[in-house]
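# One predicted model, sequence on top.
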Amino acid sequence: MAKGKKKSTGKKKKKGTKKNKLGVKNSLVNNINARKKKGKSRSKKHSKVSRKAYKKMQKGWK
């Protein structure tokens, strides 16, 4: 074995929350913000979230 390298035991620790393909925690708000940062955000006209659902979600924001 080379100096300074450790042998892998095959077990990996799970870290916190599952991340999606954008690299953020799975939630509607995180997905919207991640798409914004990448420059792939949708306009309101082409939104996949209904106005009713978005308003309901906003009530939960603090």
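Done, it's in.
# From now on I want contacts and neighbour counts done on CA atoms only, so please keep to that.
OK.
# Was I right to think Ile32 contacts Ser41?
Yes. Applying Cα atoms under 8 Å, one finds Ile32 in contact with Ser41, separated by 6.9 Å.
# what bits of this structure have low per-residue confidence?
Scanning the chain with the threshold set as pLDDT under 70 gives 1-16, 62.
# Closest to the centroid, which residue in it?
Val24 (2.3 Å; Cα atoms, centre = their mean).
# so where's the longest helix in this protein?
Longest helix in the chain by number of residues, with DSSP state H as the criterion: helix 28-38.
# Now the following helix or strand past that helix - C-alpha only, CSV.
As assigned by DSSP states H and E, the chain's next helix or strand after helix 28-38 is helix 51-59. The C-alpha trace of helix 51-59 is given here as CSV (Å, rounded to 0.1, in the frame of the first residue of the first chain):
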residue,chain,number,x,y,z
ARG,A,51,-51.0,30.1,-9.3
LYS,A,52,-53.0,28.4,-6.6
ALA,A,53,-50.2,26.1,-5.5
TYR,A,54,-47.6,29.0,-5.5
LYS,A,55,-49.8,31.1,-3.3
LYS,A,56,-50.3,28.3,-0.9
MET,A,57,-46.6,27.7,-0.8
GLN,A,58,-45.9,31.4,-0.1
LYS,A,59,-48.1,31.3,3.0
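# Helix 51-59 relative to helix 28-38, how many degrees between them?
Comparing the axes of helix 51-59 and helix 28-38 via axes from the mean of the first three to the mean of the last three Cα atoms, to 10 degrees yields an angle of 100 degrees.
# Go through helix 51-59 and flag the buried ones.
By 16 or more other Cα atoms under 10 Å, helix 51-59 has no buried positions at all.
# ok, now which ones touch Asn30?
With contact set as Cα atoms under 8 Å, 6 or more residues apart in numbering, Asn30 has these partners: Val24.
# Could you check how far Val29 is from Asn20?
13 Å (Cα to Cα, to the nearest Å).
# brain fart, Ser27
9 Å.
# joint contacts of those two?
Common neighbours of Ser27 and Asn20 (Cα under 8 Å, 6+ apart) do not exist.
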